[in-house]
Structure formats: C-alpha cells, structure tokens
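Undergrad: need the 3D shape of this:
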Amino acid sequence: YFRLAEADLIRKRGRHRQERALVMELLHRYSGLKQRMIGERFGNLDEGLVSRDCRAIRAKIKNDPKIQRWFREIAALST
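TA: Have a look, this model is predicted:
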C-alpha cells in the first residue's frame, strides 16, 4: 500500500514513522500477534515502543483525515 522498502518501514528513526505505526496497529488488531512479536518483526523494537506507537496512531485514526483514509483503505484490502 505504501510502496516502501521493508528497510524503510522498520527503520527506527525514519521518515515513515506514521506508516510503520499504522502497520503495527493493523497487525496487532487483525493478526493476533502480541506487541512483543510485532516489535521483533520490526527490527527488535521494544514492546513499550510498539505500544506507544500503536496508542498514538489510534488517536490519529480518530482525528487525522489522512490517517483515517489510510486505515480504511488498508483494512478494506483485507476483507
């Protein structure tokens, strides 16, 4: 969806933090993976960082039209 290289998506201090957070939130919601496992798949991120990023992106899903659109479109791809 984002047309990003995996390396760009898992970079801890990259330009694509919102995209990474949204992917982590979607994985947590729909895959059943625990945040620890998600962190491992994203370059050994700390479980606390995954939790914080997911919490922040949930707020943006509610308030940011661009993030809302991303969420809707990506969620629609999985149905």
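Undergrad: which of the helices or strands spans Leu49?
TA: In this assignment (DSSP states H and E), Leu49 forms part of helix 47-63.
Undergrad: give the buried residues for that helix.
TA: Buried residues in helix 47-63, counted by 16 or more other CB atoms under 10 Å: Val50, Ser51, Asp53, Cys54, Ile57, Arg58, Lys60, Ile61. C-beta coordinates here come from the backbone N, C-alpha and C atoms, glycine included.
Undergrad: likewise for stretch 10-30?
TA: In stretch 10-30, counting by 16+ other CB under 10 Å, buried: 10-11, 16, 18-28.
Undergrad: closest to Ser78 among the residues you listed?
TA: For these, the residue nearest Ser78 by CB to CB is Leu26; the value is 8.0 Å.
Undergrad: show me the contacts for that closest one.
TA: Phe71, Ile74, Ala75 (CB atoms under 8 Å, 6 or more residues apart in numbering).
Undergrad: nearest spatial neighbour of the last one, skipping sequence neighbours?
TA: Meaning Ala75. If the residues on either side of it in the chain are set aside, Ala75 comes closest to Leu26, at 7.1 Å by CB to CB, 6 or more residues apart in numbering.
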